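Engineer: Structure of the sequence below:
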Amino acid sequence: MTQPTGTSVHPNSDLPDGWASRPAVSSDVASMTALRRKYEEQIRGWASASEAQIAVAVDDSGRVRREHLVIFDAAGQLRGWCEAHDRAPGRVVILIVVDPDLTAETAEVVGDVLVQFARGMAVAMATDNDVAKTQLDVDVYSADKRQTRWLTLAGLRCVRTWWHMSRPVRPDESASDRPPRDGVQIRAVGRGEDGMPDVGDLRSIHGVLEEAFSDHFNSHEETFEAFVSRLREDPNHHWDHWWIAEINDGAAPRPAGALVGSVIPGPDPAEDTPAAGTYIEYIGVLRSARGHGVATSLIDTVIADAAQRDRKEVALEVDADSPTGAQGLYESLGFVTKYTTESWQLYLDSAV
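Structural biologist: Take a look at the predicted model:
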C-alpha cells in the first residue's frame, strides 16, 4: 500500500514529520481498497470493499461529485483516506478510513486531518450548489470507538443508529409459498429488446421511493436523473434487480411499492466468483398502500429470486427508529442484525 510513482504529495504541518497528503488518483485505488478491507476486517469481522467500487468513486468522469484525500507516512505507505460525496444539495456524505494498526495518538492526528478535509469539502460543495447551509453526514461502524471520538472532538453528534440485517436463503425458497394479497401484484421492471429498462417504470420506482421516504429520517429530495445515475455507477447494480409492486382494485394497476436491489459480491471481489447474495438498496411502500402486505410480498420476491440464482443471503439496512416499524417486519421474515452503524452529523454554513 505504497504511494504510486509519478504523483506528488503535499506536506501537512498537522501530520507527523515526513507524512503528507494529496488528492487521490486512479493509481491509488488498489491501496485504498486494501486499506478499506483491512479496516473492515478488524472493525466488522469481514471485508467487502472491492476495487471496482472504489475505482468508480475515485473516477471523476461521472455525474456524481466525489472528492478524496489520501495520507501517506514517511515511507510512502497509505495510512488513511477520506471521501466526500456530494449526495444532495445541502448534504455531503463522508467516509473515513484510517489504518487500524496506527497507535491511538497517531490515528487521532490522521483522523483529525481527514475530518477537517471533510468539513472543507462540505462547505465548498454547498457553495457550489448555491445553498446557505449543508449537512456533514458521516456513517461509522458503532464498534469504531476511535473514529467516534474524533467526530465528537470535531463537533459532530450521533443522531441515528442503523441495523444491518441479513437472512440465509435456502434452495427450496425459489418459489414463495405466500402469494401476494388479492389485488397486489409484483413484477420486474419492463425491459426492451436491448436489455435496457422501461423509463416509465424507472420513473414510477423513483416516484414511489421519493414519497415513501419523505417522512423518514434525513430524507433529501433527489431528481430522477441523479437517482438513476448514482445507482448505475455502482458496479454491483443490475437492472434485473428492480421490482414494482402494484395494486389493481378494478381500474388500471397503480404503483404501490418498489424495491431496488444489487449484488453482494463473492468472498474475493478481485476474482470472478459467484455472487454471495442480494442486497436490498431500497424498499418503499406508499403510505396509501401500507397495510396491504406490499413490503412482505416485495421481500418474498427478492428472496425467491436470490434462491433461483443460488445465492446464500439477502441483506438490508434499516433505521433502528423507523417510523414504520420496519425492523419488526424484517425480523418476522427471518432477518437478524449482524452489526450496526451510526450517523454522525454537523451542520455547516457555506460561503453563499
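Engineer: need the longest strand for the protein.
Structural biologist: Among the segments of the chain that qualify as a strand by DSSP state E, the longest is strand 336-349.
Engineer: by contact count, what packs against it?
Structural biologist: helix 104-128, strand 133-141, helix 145-153, strand 157-168 (3 or more CB pairs under 8 Å, 6 or more residues apart in numbering; DSSP states H and E). Yep, even glycine has a C-beta here, placed from its N, CA and C like the rest.
Engineer: For the ones you listed, give me TSV that also has mean pLDDT.
Structural biologist: As requested, those are arranged in TSV below (pLDDT from 0 to 100):
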stretch	mean pLDDT
helix 104-128	95
strand 133-141	95
helix 145-153	95
strand 157-168	96
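Engineer: okay if I get the ones you listed as CSV plus mean neighbour count and distance to Ser288?
Structural biologist: Output for these, formatted as CSV (neighbours: other CB atoms under 10 Å; distance: least, CB to CB, whole Å):
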stretch, mean neighbour count, distance to Ser288
helix 104-128, 20, 35
strand 133-141, 20, 29
helix 145-153, 17, 39
strand 157-168, 17, 26
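Engineer: Dump these into a markdown table; add distance to Thr278 as well.
Structural biologist: As requested, those are exported to a markdown table (distance: least, CB to CB, whole Å):
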| stretch | distance to Thr278 |
| --- | --- |
| helix 104-128 | 31 |
| strand 133-141 | 21 |
| helix 145-153 | 29 |
| strand 157-168 | 10 |
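Engineer: of all the ones you listed, which lies closest to Asp201?
Structural biologist: Proximity to Asp201, assessed across these by CB to CB, is greatest for strand 157-168 (27.1 Å).
Engineer: and that closest one, which strands flank it?
Structural biologist: The strands that strand 157-168 pairs with in its sheet are strand 313-319 (antiparallel), strand 336-349 (antiparallel) (by DSSP bridges).
Engineer: Let me see the residues that make contact with that strand.
Structural biologist: Outside strand 157-168, the residues that touch it by CB atoms under 8 Å, 6 or more residues apart in numbering are 139, 142, 148, 217-218, 277, 303, 312-321, 327, 330-331, 333-346.
Engineer: for the helix or strand that it is followed by, the distance to its chain's centre please.
Structural biologist: Tracing the chain C-terminally past strand 157-168 and defining elements by DSSP states H and E, one meets strand 184-188 next. Using CA atoms, centre = their mean, to the nearest Å, the distance from the centre of strand 184-188 to the centre of the chain it belongs to is 26 Å.
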